[in-house]
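Colleague: The following block contains a protein sequence and its predicted model.
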Amino acid sequence: MTSKNKHKASFYNIRIVFTLLFFLILITYSNTFRSSWHFDDKPNIVQNFSLHLRDLSPDSIYKTFFAQPQHRNKLYRPVVCLTFALNWYFGKDNVAGYHAVNITIHILTAFILCITILNLFKSPNLKDKFNGNELFIALLTAVLWAETPIQTQAVTYIVQRMAVLAAMFYILSIYFYIKARIAHSLSNRIFFIIGCILSFLLAIGSKENAAILPLALILVEIIFFQDLGPQKTRRLFLGISVATGLLVVLIGIFFFMKGDPSYFLKGYANRPFSFTERLMTEPRIVIYYLSQIFYPVPGRLSIVHDVIASTSLFKPWNTLPAILAVFLLVGIAFYLIKKRPIIAFAILFFFLNHIIESSIIPLELFFEHRNYLPSLFLFFPVSLGIKRLIDYYRGKKFSMYIIIVSFVILLLVGIGTSTYIRNMAWTTEKSLWEDATSKAPGSARPYYRLAVLYSETGRLDQSMALLKKGISLKQQKPVQSKLLFYNNMGNIYRKKHEYEKAVQYFKLALDVRSDYQIVRENMVLALIGSKKWDEASRHVDILLKERYFNYAHPYLKGLILIRQQKATEAILYLRSALKMSPYSKDTLLNIGVAFSLSGEYSKAKWFFRRALTLYPNDALILLRLAENSLKNDEGDKADEYLETLLSVFGGKRVQEFIERQFKDSFSVPLSYDILIPAIAEKLKKSAVEFTGTTSKLTSCK
């Protein structure tokens, strides 16, 4: 075959590979396009206004590079943040677009993995050893990796695009490195080296764990391109590996630890495990990750897992065996570098890429998406073994050959089906956290998240039961978790109008952390609900002193001052709130109320009219205008407002509305003594439908 025909055949094969991967992955993930936002999706995307692009100007795009939820002025994963911002620009919070991008990246990563392996077969240590089986092995590796259920947490969980995109650029960088090493011309080599460096930078810009890539490239070089026979070569690459490792550590200390090597230890203050406990626990978790990858049953996958931290080498009992297993696997890998380079590379690549997230950094102990990158080459030796079995039995024992081929087909169908089933758990937040509570009953987080969902849908008693159950269980962040549990317990009682109990729980939360803004805000609302104006005022003063620049704080202070009959003082705070939120109906109304109570009826009218312009035919605004007009002896104007009110809402609805306002602590009381007679008079002159309403209105006084 001529080189031209070989090129055509190769291009045709690549198109077939991409098409197969595209349809297999698309079918497997076809039930995820409507999967809802989950967990960290909301603070990182939905509520992260820095990512909400309104235009594609350079300045707007530049701001997305600093979209970390906690630190707005800090560069944060700019590549992946830009993709989220573009998703928002074109589709706002419609999840379908985000899932489409995640799945597309997953398809591309699987394809790049396949062509990377194809090029690895051209390296000196693998070349001409596989008799034309390269495409089958590479494709099967990519399919097994892409279809395995453990990848669902990276692909279907929208915010984990960070892990997915980092892995895509990571494997692309390896691909360019291999292409540079096997290139025959200097110009091609330079082109691929530039591609390798750019891909590395894009990977780092997606997620910081890609910083380990230089060591992965050294691993590729040592295993596939070097003759390790000479002792001099072994020493040289040992030195290069150590030097590169130290350089990566120093860069990490400088950029991510603020120049302090012990900086990461501070993170253990908010964890239920110590530094040494994490080091002893992670080998157990990594071994469990391997079991999830090679025994991919959906029932073993969850967004949260019950993990008991290892407190010694013998507690729990599998701590020491897991540590020994890790060292044994790594030792076997080093031993097999020359004889079985593919097995050695798969093992070493897996453990190398778990170093950042599964070692000393005080992250949470267990997350399945951390395997997306490390598992890239794990199925490489598996696919090679399957191909050799097929070839061995093809000519010797046809029945066995059929059994093996059937097994491979069933394996692929089974893995794809398991992934499809696992993705069902990601359909809604409720389904995800109900799944997690059944699989991790000893962990507090699923109970908390499910309780929040129940509370939002009005299932308050069920929510409280879950919170009481969850607070007694293991916490990933004990201090923060207690704070959140107490706060939500308080909110449930506040929603039930049991304000005294709500205040008790908010006090417990503030005992845990006194500077937590949200809890103190909720405390103020509970105190207002129980009409404890002086105590509510003291808590608002603390919020104002901290200068959170939240319009709600001066607004609440103004409302409290009105209820304390200090209308003139209230105006100053309400004006401050209005500057921060100029279209707030409640603020406009209460400024008007404050002026009206101060006898400045013309100023009050201006604010009420402004509110009515923004919110036409609003019942409370019309009532306030009528009230203010009656106080100012403008009976004709009051009649106009009341006539509009009754024509829009009818007498019965107006009556119901006034009754609700009468009981509402968060609304300044209306002047019922002048309003109700005026409404009753209007009703007497109205149609039959208002019969009987007059007497009921009178009872609201």
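Modeller: Good, I have the coordinates.
Colleague: Helices of the stretch 401-550 of the chain, residue ranges please.
Modeller: Ranges of helices in the stretch 401-550 of the chain, per DSSP state H, counting those that start in this stretch, are 429-439, 444-456, 460-471, 478-495, 499-512, 517-529, 533-546.
Colleague: Return, as residue ranges, the portions of the stretch 551-700 of the chain with sub-threshold pLDDT.
Modeller: For the stretch 551-700 of the chain, applying pLDDT under 70 flags the ranges 686-700.
Colleague: Could I get the full set of strands for it?
Modeller: For the stretch 551-700 of the chain, strands defined by DSSP state E, counting those that start in this stretch do not occur.
Colleague: how about the helices in it?
Modeller: Assigned helices in the stretch 551-700 of the chain, in chain order: 552-563, 567-580, 585-597, 601-614, 619-631, 635-663, 672-684, 693-698 (criterion: DSSP H, counting those that start in this stretch).
Colleague: Show me what the longest one is packed against.
Modeller: Spelled out, it's helix 635-663. helix 619-631, helix 672-684, helix 693-698 (3 or more C-beta pairs under 8 Å, 6 or more residues apart in numbering; DSSP states H and E). The way it works is simple: take the backbone N, C-alpha and C, and place the C-beta from them, glycine included.
Colleague: which of the residues in that helix are buried?
Modeller: 637-639, 641-642, 644-646, 649-651, 654-655, 658, 661 (16 or more other C-beta atoms under 10 Å).
Colleague: Can you give the distance of it from its chain's centre?
Modeller: From the chain centre to the centre of helix 635-663 is a distance of 46 Å (C-alpha atoms, centre = their mean, to the nearest Å).
Colleague: and if you look at the second one?
Modeller: Taking C-alpha atoms, centre = their mean, the mean C-alpha location of helix 567-580 is offset from the chain mean by 37 Å.
Colleague: For that helix, buried residues please.
Modeller: Neighbour-count burial for helix 567-580 [16+ other C-beta under 10 Å]: 567, 570-571, 573-574, 576-578.
Colleague: Among those residues, which one lies nearest to Asp93?
Modeller: Ala577 (27.6 Å; C-beta to C-beta).
Colleague: Look up how far Leu140 lies from Val307.
Modeller: As defined by C-beta to C-beta, to the nearest Å, Val307 lies at a distance of 33 Å from Leu140.
Colleague: Tabulate the CA atom coordinates of the strand or helix carrying Met162 in PDB.
Modeller: Assigned by DSSP states H and E, Met162 belongs to helix 161-182. Written as PDB, here are the backbone C-alpha positions of helix 161-182 (Å, rounded to 0.1, in the frame of the first residue of the first chain):
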ATOM      1  CA  ARG A 161     -16.700  20.600  33.800                       C
ATOM      2  CA  MET A 162     -13.600  21.800  35.700                       C
ATOM      3  CA  ALA A 163     -12.400  18.200  36.000                       C
ATOM      4  CA  VAL A 164     -13.600  17.300  32.500                       C
ATOM      5  CA  LEU A 165     -12.000  20.200  30.700                       C
ATOM      6  CA  ALA A 166      -8.700  19.900  32.600                       C
ATOM      7  CA  ALA A 167      -8.500  16.200  31.600                       C
ATOM      8  CA  MET A 168      -9.200  17.000  28.000                       C
ATOM      9  CA  PHE A 169      -6.400  19.500  27.700                       C
ATOM     10  CA  TYR A 170      -4.200  17.300  29.900                       C
ATOM     11  CA  ILE A 171      -4.500  14.300  27.500                       C
ATOM     12  CA  LEU A 172      -4.200  16.700  24.500                       C
ATOM     13  CA  SER A 173      -0.900  17.900  25.900                       C
ATOM     14  CA  ILE A 174       0.300  14.300  26.200                       C
ATOM     15  CA  TYR A 175      -0.800  13.700  22.600                       C
ATOM     16  CA  PHE A 176       1.200  16.700  21.300                       C
ATOM     17  CA  TYR A 177       4.200  15.600  23.300                       C
ATOM     18  CA  ILE A 178       4.100  12.100  21.700                       C
ATOM     19  CA  LYS A 179       3.600  13.600  18.300                       C
ATOM     20  CA  ALA A 180       6.700  15.900  18.900                       C
ATOM     21  CA  ARG A 181       8.800  12.900  19.900                       C
ATOM     22  CA  ILE A 182       7.900  10.800  16.900                       C
END
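Colleague: what residue ranges in this protein are flagged as low confidence?
Modeller: 1-11, 70-72, 233-234, 237, 245, 248-263, 475-477, 548-549, 686-701.
Colleague: what about 80?
Modeller: Applying pLDDT under 80 to the chain flags residues 1-12, 69-73, 228-267, 269-270, 395, 473-480, 546-550, 662-665, 684-701.
Colleague: about what we covered before: need the helices of the stretch 551-700 of the chain in CSV (columns: distance to Arg54).
Modeller: Below are the helices of the stretch 551-700 of the chain laid out as CSV (distance: least, C-beta to C-beta, whole Å):
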stretch, distance to Arg54
helix 552-563, 25
helix 567-580, 20
helix 585-597, 24
helix 601-614, 22
helix 619-631, 30
helix 635-663, 35
helix 672-684, 43
helix 693-698, 47
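Colleague: Brilliant, that's me finished.
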